[in-house]
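Trainee: Sequence and predicted model, in that order:
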Amino acid sequence: MLRTPLPYTPPCPAVTAQVILADGTRTHLLVSYHQIRDLMTSDRFSRAIASAELGLRSPTLDYSVTEMDQPKHTRIRKLVAGSYGARSVERLRGRVEAIAAGLADDLLEAGPPADLVSGFCAPLTFEAQCELFGVRQPCRERLRGWSVARCEHPGPEPKAVRAAETELYREVREVLQELRSAPGTTLFHRLIEACDGSGLIDDEELHGIATSMFRDGHFLAATQIANSVLYLLDHPQLLTSLREQPALLVPAIEELLRLCPAVNHSMSRVAVRETELGGVTVPAGATVTASLPAANRDGCAFAKPDAFDIARDGNQHLSFGRGIHYCLGAHLARVEIQTALRTLLERMPGLRLAAPTTRLQPLVTQGAVGADELPVAW
């Protein structure tokens, strides 16, 4: 599974299957690219209803744009979208590069072997996120601990997740209180201005939205970096090509996002009325979920879908979704992945796995797929 995630091409024309997910949700599982794209861009399906049916309310979920429908979704997303835009993220690139360089220094000083997930991927994406938010260094370790504790990962019980979210909420309140007396232009500063200045949101919304920013973006970005590194190490000719021609890195990353995405299943949605998806009737009230790895290897959407094609024309993979719930942090994730791979290619030319792929511990949840650890040497 880790060598070539999902090594098959989904059937075409589209089919659906009714399955029960790990959280007990009974859902129609979509595997067709065109069905899934339709699902993601349609107003015939509600994420808010699906989220409410799960019954897992918390400050992290209540104000997360991923759990909202229009018009509330638009109102909240507008408040944060600017900080995640291409221009804002590009201004952050230098800091991301400095963080990656420092982590590489630490790995090189400690010497091999090392776990690339815990020693490089995870701290890189969390630190980059904190830079975007404006979180000061002394607060980051505590925030990271509670954020990681509540991420969707095999092991934690719902009670433990809720406890972690409560502590995360408390920590974020303290961070925001500190930032109120330190003017700036970061995402959290903009949220504070929207609350204290323009009155676009109230105090409860301020703290809820800020806390929701720590949900799982950094976790999924770190998993995507690890998946990409694993694929490259398993394809040494491609690795050599990227080292010799760094300009190929950007299109290569799009293929890596397509072939080995960190996201497993999409967010579930509920049909608000009887509707059709690719010729399949979905009754009102039914839950629908999408397999993104399957969509990205659909032969009806991609020529030679299981092949790595760095020159693939119009690579419209669905790893960041589509429609109103298109990944808010897509620009940041791309900068993080580009920076991570470029740093590793330059600083660790002898990078290799320190254990056989058969011994790697897979990470598979409803929302994510990858490797729990990635032991490497150089």
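Mentor: Looks like it arrived, so ask away. Residues are numbered from 1 along each chain as shown.
Trainee: what number of residues lie near the nearest residue to residue 172 once chain neighbours are set aside?
Mentor: Of all residues not flanking residue 172 in the chain, residue 211 sits nearest, at 4.5 Å (Cβ to Cβ, 6 or more residues apart in numbering). Any C-beta I mention is one placed from the backbone N, CA and C, and that applies to glycine too. By the other Cβ atoms under 10 Å criterion, the neighbourhood of residue 211 contains 29 residues.
Trainee: pLDDT value on residue 211, please?
Mentor: Per-residue confidence (pLDDT) for residue 211: 95.
Trainee: Return the distance of it relative to residue 279.
Mentor: The span separating residue 211 from residue 279 equals 41 Å under the rule Cβ to Cβ, to the nearest Å.
Trainee: With residue 246 instead?
Mentor: 45 Å.
Trainee: more neighbours, the two?
Mentor: Neighbour count, other Cβ under 10 Å: between residue 246 and residue 279, residue 246 has more, with 14 against 10.
Trainee: Residue 341 is in contact with that one, correct?
Mentor: No. At 9.4 Å, residue 246 does not count as touching residue 341 under the criterion of Cβ atoms under 8 Å.
Trainee: Please enumerate the strands of this protein.
Mentor: Taking DSSP state E as the test, the strands found in the chain are 16-20, 26-30, 45-46, 114-115, 269-271, 275-277, 280-282, 287-290, 352-353, 362-364, 369-371, 375-377.
Trainee: Parallel or antiparallel, list what pairs with the third one.
Mentor: Pointing back at strand 45-46 there. The strands beside strand 45-46 in its sheet (DSSP bridges) come out as strand 269-271 (antiparallel).
Trainee: for the record, mean pLDDT for the partner strand?
Mentor: The model assigns strand 269-271 a mean pLDDT of 96.
Trainee: Report the buried residues of that strand.
Mentor: 269-271 (16 or more other Cβ atoms under 10 Å).
Trainee: now stretch 285-294
Mentor: For stretch 285-294, the buried set under the neighbour-count rule, 16+ other Cβ under 10 Å, comprises 286-294.
Trainee: how much space is there between the residue minimising distance to the centre of the chain and residue 328?
Mentor: Computing the C-alpha centroid of the chain and ranking residues by Cα atoms, centre = their mean puts residue 220 first, at 3.5 Å. Distance, residue 220 to residue 328, by Cβ to Cβ: 12 Å.
Trainee: try residue 280
Mentor: Between residue 280 and residue 328 the distance is 30 Å, computed by Cβ to Cβ.
Trainee: For these two, indicate the residue with more neighbours.
Mentor: residue 328 (20 against 16).
Trainee: still on that earlier bit, how far away is the residue nearest to residue 172 from residue 66?
Mentor: When Cβ to Cβ is the yardstick, residue 211 and residue 66 sit 13 Å from each other.
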